[in-house]
Each structure stands twice: as structure tokens, then as C-alpha cells.
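> sequence plus predicted model, see below.
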Amino acid sequence: MTSAQMVETLYLQPLPWEYSQALDLGTTTLHAGPQPDLAVLSSTLYAVELLKRCHAALDLAGTGSFDAAGFARLAQPWSWGPLQAVHLDQLAGPYAALLWAEPEAACALPVARRLREVAAPGATLHVIASAPLRRLLPIWRGQPPPAEQPLTPRAVRRVLERAEWQVESHTALHGPHAFLWSRLSQLAQACRRPDWSDRCLFAMRSRYREAGWLWPLAPVSLVRARVS
Amino acid sequence: MAGSARVQDQVWPAVQGLDAWFDTQRQPGGYGGPVVHWWRDCLDYTAPGLDWRYEGIICGYLNLWSATGEDRWLAKATRAGDDLVAGQLPSANYRNSSFELNPATAGTPHEAANDLALLRLAGCLRRTGQGDWQRYARTAERNLHEFFIQRLWDARARHFRDSPSVPSFVPNKAATLAEALLALSRCTGNDEWAGLYALPTLHSVLAHQVRGGALDGAICQNSFGPRRVDKFFPFYVARCIPGLLDGFAWSQDERLADGARHAAEFVKRCRYDDGSFPQVLYLRGLANRYPQWVAATGDILRAMALASTVGVEFDPQPTQRWLLAGLRADGGIHTALGFGRATPGGSEHDPRDQLSVCGWADKAFRYLTEQLPASSQQPAVKAQSIRP
């Protein structure tokens, strides 16, 4: 498969709900002003998803093996808003909104510090991070993986604080409550009560995102930080 | 009669309100706004979605243009068509066409609904000699050919899958797609779209219909290979009716008319006294009443009006009143009643109920614009090539 075909294939296939919800939430602060925002990505998977969400100018930087410049070239026909590949060492800034998906262990602290340097006063940073339960998600068994050596949400928090970001909140995606409701839905189905099963699924969806202490028990989390 | 007159009095103000409300949902690139649905909600991504909202918006504005002769309505239909043309991707799909699953592409039945709307628009433009009608028809043809036929057609099963990788079938989506293919055959004069793809697909819809018993006429929501999913949504059963009737009009195959008749009788039996419908019925008399659609009953009313052509008697007034009672002061329309009651231990009040959503409001808009008296008839034209 050529890289161009990979962009098309990834564009057409839906992302697991954990990640699509994290990206939906993480991109809500983008494009609030006329200046480009910044996305720092570890995988083509995330970059393709941003093509669907970003209708205004976006600067794109890569970490690990993700080649932002190559992607920006290949993705041009699919792009909605102007997409510009940038190198982390040559960022212009200041950026009012930043997205980081997802931090690689090898370079997390320098990247966090670099993002702090180019963030505008009051800027918001959203970080998508996955916990060990990620191994249950099929996306981690496919190609390309979302990251090579991902940092856990707890480690992300420590890195952000060391880089002088103020962590404001954690949101768990598909945490224990959602998991419990989906198991109840399966149980109701097994008991030949599809009506109860559907009601449990409805409840599962309403508890899919949870703030609070449960975030370490979810496969994917979104961390929100701000320039203090 | 008095009740009918009261409903009629409310139609024009409702249509004007919806038109004004749709204008508030315009963004660069199309109609946006949040989505709430039985399957999922899409409340973070509120940028334009090129999904089935365009079916009701384009057809509704064409109805308005036909009823009044005022070009401003045609201009709005054309503007919506331009959104779809500009949003077509290299894969021939439409950008963010998945409604409640947005932002995502390759949405079904959304892309087929868009194609149907584009072909209706192309037909109107061609009849009146206005604009470049071929570009709308070409956009629809490209999507139908490169996406639906090349990627979703299952030659062995002789119907369209719902996913390229899974042997799945969803009757209501297939019925909308069949309507679009029949429209393409009429537009191009090429019978193959109808004969090779639309009619076999409609017969697969019939194969999913229950015959006999309390659920007579109901159509299964979907199937995976030979496994049927025994869920019966009156709204989705109603969405099958226009396609079945269009197939009957094309082929004069009585089986399609009979299927539509039974489906309409099922929908009629489901209705509550207040004009509303349950969300879903299951085998053994099980049901989930909530959320009950409000704006979307426009599609049910429209289907039932079409079914009267094959002998189904249905009094629309209770449902018209249910629909019109959902109108909001800002011109929008409530999506549903009872989102909060759909969960165990749920609540009476849920903000999703009152939300007006483009992809539901369009269904009310399309139906209501069909209730306006037509002032002129458009002349029919012969099929011709859509190539420049």
C-alpha cells in the first residue's frame, strides 16, 4: 500500500469511539481565532482525523516516526483547511490552542517544554493519552499504531507539571461505568430482553465520558492543561 | 374539516420559521449544528455535516420554489447543492457525511440521500433551463458509482452492504439508495442503474419484511449475513416506503406495492392516540417508547401520504398536530420527547428533546413544504446525457 493509499484507507475507516471522542473534545478549542493552531502528533491516524475536523489553518508537527511534512503533502486533496507542516524546533507561535496526541516517552518532557514556550498567555493544551487498558483496543493491533512508546496519563500529568503547565482536568473515555453498562446490555440481550439491552446501551453512552478520579481506569484519557 | 383547516393555517408560518432557522445554521461549507440520535449524539463537532439533512433541505426548497415560483427558493436549493459538490472527496464520498457519527465520511444512507437530492435539483434546473444541472447530476453519479456500486455492491447477495468489510444489510438505507439509483436512471435514460441494482435491492428489503402476526408489515432493522436483527423502528420502516413505491412505479411489480402497503399498515397500527410513534418494537410485544421523534415524523407523514396511492387509509391529523406542536419560537423544531426516559432510572427532562437539529428539522420542512398548494406544474423532459 502506498502512503497515499494509506491516507485514503485511514480516512474512510472509522476510529474507535474512545479516540474519536477524545479528538472531538480535544479539538473543540481549535480555530477560535484567526491564527493557526498547533497539533503535535505521533501517528498518521491522528493526522487523518484532524483532516475531518479542522476547517481552518493548522500547523502540524510530528514526533517519533510520524513525518508531518510527508503527510501534509500527501493529504492535500483530502484537506479541508490549510495544513502546514512545521518542525518543533522552528515553531513561530504564539499558539492559543494546542493539541498533543499522544506523547511518546522518549521525548515527552522536551516537547512539553517546547509547547510551553510557544503557547500564548492563557493558551489551552489538550493531550490525548492512553493507559495500559489500551491493549484491549483493536487499533493498537493494527498499522500504523497510535504511538510507539506512549506515556500513561499519570506520567503525562507529571511531565506537564514539570514543564510548567497547569493541569486543569482529566476526562476518562470508556471508563468503568460505561464498561459496566455495556456488560449489563450484553446480559440483558442474553436474557432475551433486547428492550433492556438497548436502554443499558443508552445509559452506557451517557456515561462514556467521565471526569474525576476514575480516569486511570479508562483505556484513553484527555488531559486539559493551561498556561498558568 | 375544521381541524384540517387549522393545520393548514399553521403550515406556511411553520415553513417560514424553519427556513429562517436553517439560515441560522449556515456556516462556511454548509449547514452545521449538533446532532442527537437514538444511536449516538454528536454534540462536540458542530461544523457542517454533508449528510441526509441535505435531502430534506434541497427537496424542501425545491417544493417551495415549485409552489411559489419564487427564484429565491431555487437559489437556496442550489446553494445547498453547491455545498455537496464542493464537499465531494477524492474517493467520491462527501466530507463528514455520517450525521451522528460525524466527523466521518461514507455515511449511509446519508450519501445516497444527498445523491437523491442532487438528482432532484438537477432535474428541476434542467426543466427550467437554469444553471449547470449536469454538475449536480455528475456529482451524484460519481458517488453512486464509485462508492456504492464499486465498494458496497454485493454481487452474490444482489444488494448493497452497509460496510465494505461486513456482509450486512440495512433495509431503510437500501431503500433510499434504490430511490437515488432510480432517479439516476430517469436522469440519464440508462436503465441499468434501476434494473441491475435498485430493483434487486428493493427485493432484499422485502425479504426482510415480517408477514403475519402482530408485526405484519414490519421490516427488520438490519441483518448480518443470514442473521436478522429483530428490531422494528416505525420511523425506519416508513423510510422504506418511498423507495418501494418508486420501484413499483418503475417496474409495475405488484410485490413492491404490496410490501409498501403492508409496511404502511404496520406504521399505522403503531401510532398512539396523540399522533406519536414508539421508537422501537421487538418480538414478543416488547417495546421502547422513548425517545419519540417529533421533527422526524415529517418523514412518516410523507411516507403515509405516498402510501395512500396504493390504498392505505391514514388520517394524518393527529401526527400533524404532534409535529406542529414541536415548533420552537425561533423557527426550529424539537427533535424528540423522552431522551431522558430512554435510560434505566432516567429523567423526564433532557435538553436533547428541545434541540433543533438540521438533520431532523429537514424532515419536517420537506413534509410541510409538500403541503403547500402548487401554483404551477413543471413540464416533463426526456432523459439525456449528463456529460457536458
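Alright, I've got the coordinates.
> just give me the neighbour total for the nearest residue to A:L10 once chain neighbours are set aside.
Using CB to CB, 6 or more residues apart in numbering or on different chains and skipping residues adjacent in sequence, the residue nearest A:L10 is A:V48, 4.3 Å away. C-beta: built from backbone N, CA, C; applies to glycine. Number of residues near A:V48 (other CB atoms under 10 Å in any protein chain shown) recorded here: 22.
> now swap in B:Y197 and tell me
Burial of B:Y197 is recorded as 23 neighbouring residues (other CB under 10 Å).
> point out the residues in chain A that sit beside chain B.
Taking CB under 8 Å from any CB of the partner chain as the criterion, chain A approaches chain B at residues A:8, A:11-12, A:14-15, A:20-21, A:24-25, A:27-28, A:49, A:52-53, A:55, A:77-78, A:80, A:192-196, A:198-200, A:202-203, A:205-206.
> same thing but at 6 Å, please
With the criterion set to CB under 6 Å from any CB of the partner chain, chain A comes near chain B through A:8, A:12, A:14, A:24-25, A:28, A:52-53, A:55, A:77, A:194-195, A:198-199, A:202-203.
> pull the most distant pair out of the residues you listed.
Within the residues of chain A next to chain B, two members stand farthest from each other by CB to CB: A:P77 and A:D195, at 45.8 Å.
> could you check how many residues crowd around residue 178?
With no chain named, the answer covers chain A. 23.
> actually, chain B is the one I wanted.
33.
> now it, nearest residue through space, not along the chain?
The spatial neighbour of B:A178 that comes closest, neighbours along the chain excluded (CB to CB, 6+ apart), is B:A198 at 4.1 Å.
> what residues does the one you found make contact with?
For B:A198, the contact set (CB atoms under 6 Å, 6 or more residues apart in numbering or on different chains) comprises B:178, B:181-182.
> which one's more surrounded, A:P77 and A:D195?
Taking A:P77 and A:D195 together and counting by other CB under 10 Å, A:D195 has the greater number of neighbours (18 against 11).
> for chain A, which segments are assigned as strands?
Per DSSP state E, chain A has strands spanning A:37-41, A:58-62, A:83-85, A:95-101, A:119-130, A:165-173, A:209-211, A:220-227. These are given in chain order.
> now do the buried residues in the longest one.
Residues of strand A:119-130 classed as buried: A:119, A:123-130 (neighbour count, 16 or more other CB atoms under 10 Å in any protein chain shown).
> so which of these is the closest to chain B?
Closest to chain B out of the buried residues of strand A:119-130 is A:H126 (11.7 Å), distances taken as CB to the nearest CB.
> got a pLDDT number for the closest one?
Reading off the per-residue confidence, A:H126 sits at a pLDDT of 97.
> was I right to think it contacts A:G26?
Yes - using CB atoms under 6 Å, A:H126 is in contact with A:G26, at 3.7 Å.
> mutual contacts of these two, please.
Here A:H126 and A:G26 share the contacting residues A:L99, scored by CB under 6 Å, 6+ apart.
> what about the helices in the stretch 201-350 of chain B?
Secondary structure of the stretch 201-350 of chain B by DSSP state H, counting those that start in this stretch: the helices cover B:234-251, B:254-270, B:297-307, B:317-324.
> for chain A, what spans make up the helices?
Secondary structure of chain A by DSSP state H: the helices cover A:3-12, A:17-26, A:44-53, A:68-74, A:108-118, A:153-162, A:176-190, A:194-206.
> format those helices as a markdown table; extra columns: mean pLDDT.
Shown next, in a markdown table, are the helices of chain A (pLDDT from 0 to 100):
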| stretch | mean pLDDT |
| --- | --- |
| helix A:3-12 | 88 |
| helix A:17-26 | 94 |
| helix A:44-53 | 94 |
| helix A:68-74 | 94 |
| helix A:108-118 | 97 |
| helix A:153-162 | 95 |
| helix A:176-190 | 96 |
| helix A:194-206 | 96 |
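> out of those, which is closest to B:D51?
Between B:D51 and these, the shortest separation by CB to CB is 13.1 Å, and it involves helix A:44-53.
> now the helices of chain A in JSON lines, with distance to A:G62?
JSON lines is the format used below for those (distance: least, CB to CB, whole Å):
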{"stretch": "helix A:3-12", "distance to A:G62": "14"}
{"stretch": "helix A:17-26", "distance to A:G62": "17"}
{"stretch": "helix A:44-53", "distance to A:G62": "8"}
{"stretch": "helix A:68-74", "distance to A:G62": "4"}
{"stretch": "helix A:108-118", "distance to A:G62": "11"}
{"stretch": "helix A:153-162", "distance to A:G62": "18"}
{"stretch": "helix A:176-190", "distance to A:G62": "31"}
{"stretch": "helix A:194-206", "distance to A:G62": "33"}
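> of all those, which one comes closest to B:H334?
helix A:194-206 (18.7 Å).
> which residues does that closest one contact?
A:178, A:181-182, A:184-185, A:188-189, B:282, B:286, B:288, B:342-344.
> and stretch A:113-123, by the same measure?
For stretch A:113-123, the external contacting residues (CB under 6 Å, 6+ apart) are A:88, A:91, A:93-96, A:98, A:163-164, A:227.
> for PyMOL, write the selection for the buried entries among those residues.
In PyMOL, selecting the buried portion of the contacts of stretch A:113-123, with burial taken from 16+ other CB under 10 Å, looks like this:
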select buried, chain A and resi 88+91+93+95+96+98+163+227
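> which one of the contacts of stretch A:113-123 is nearest B:F233?
Taking CB to CB as the measure, A:L98 is the one of those closest to B:F233, at 42.5 Å.
> ok, the closest one touching A:H126?
No - using CB under 6 Å, A:L98 is not in contact with A:H126, being 7.4 Å away.
> what residue is smack in the middle of chain A?
The central residue of chain A, meaning the one whose C-alpha is nearest the mean C-alpha position (CA atoms, centre = their mean), is A:I128 at 3.8 Å.
> contacting residues around the residue nearest to that one when sequence neighbours are not counted?
In space, A:I128 comes closest to A:A101 once its chain neighbours are excluded; the distance is 3.9 Å by CB to CB, 6+ apart. Contact criterion CB under 6 Å, 6+ apart gives A:41, A:46, A:128 as the residues in contact with A:A101.
> at 10 Å what do you get?
Under the criterion of CB atoms under 10 Å, 6 or more residues apart in numbering or on different chains, the neighbours of A:A101 are A:19, A:22-23, A:26-27, A:39-43, A:45-47, A:49-50, A:63, A:126-130, A:146-147, A:150, A:222.
> quick check: it vs B:A329, distance?
Distance from A:A101 to B:A329, counting by CB to CB, to the nearest Å: 41 Å.
> which bits of the stretch 151-300 of chain B sit near chain A?
Counting by CB under 10 Å from any CB of the partner chain, the residues of the stretch 151-300 of chain B lying close to chain A are B:151, B:163-165, B:229-231, B:279-291.
> in stretch A:4-19, what counts as buried?
Buried residues in stretch A:4-19, defined by neighbour count with 16+ other CB under 10 Å: A:6-8, A:10-13, A:15-19.
> again with stretch B:223-234
Neighbour-count burial for stretch B:223-234 flags B:223, B:230-234 (criterion: 16+ other CB under 10 Å).
> so which of these is the closest to B:T309?
Taking CB to CB as the measure, B:T309 sits nearest to B:P234 out of those, at 19.8 Å.
> the closest one contacts B:W293, correct?
Yes - B:P234 lies in contact with B:W293 (CB atoms under 10 Å); the separation is 8.9 Å.
> who's in contact with the residue nearest to the centre of chain A?
Going by CB under 10 Å, 6+ apart, A:I128 touches A:18-19, A:22-23, A:25-26, A:41-42, A:46, A:99-103, A:146-147, A:150, A:153, A:156, A:173, A:220-223.
> go again using 7 Å as the cut-off
A:I128 sits next to A:22-23, A:26, A:101-102, A:220, A:222 when contact means CB atoms under 7 Å, 6 or more residues apart in numbering or on different chains.
> can you lay out those as CSV showing distance to B:Y272?
Putting the contacts of A:I128 into CSV (distance: CB to CB, whole Å) gives the following:
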residue, distance to B:Y272
A:A22, 40
A:L23, 40
A:G26, 42
A:A101, 47
A:E102, 49
A:V220, 41
A:L222, 42
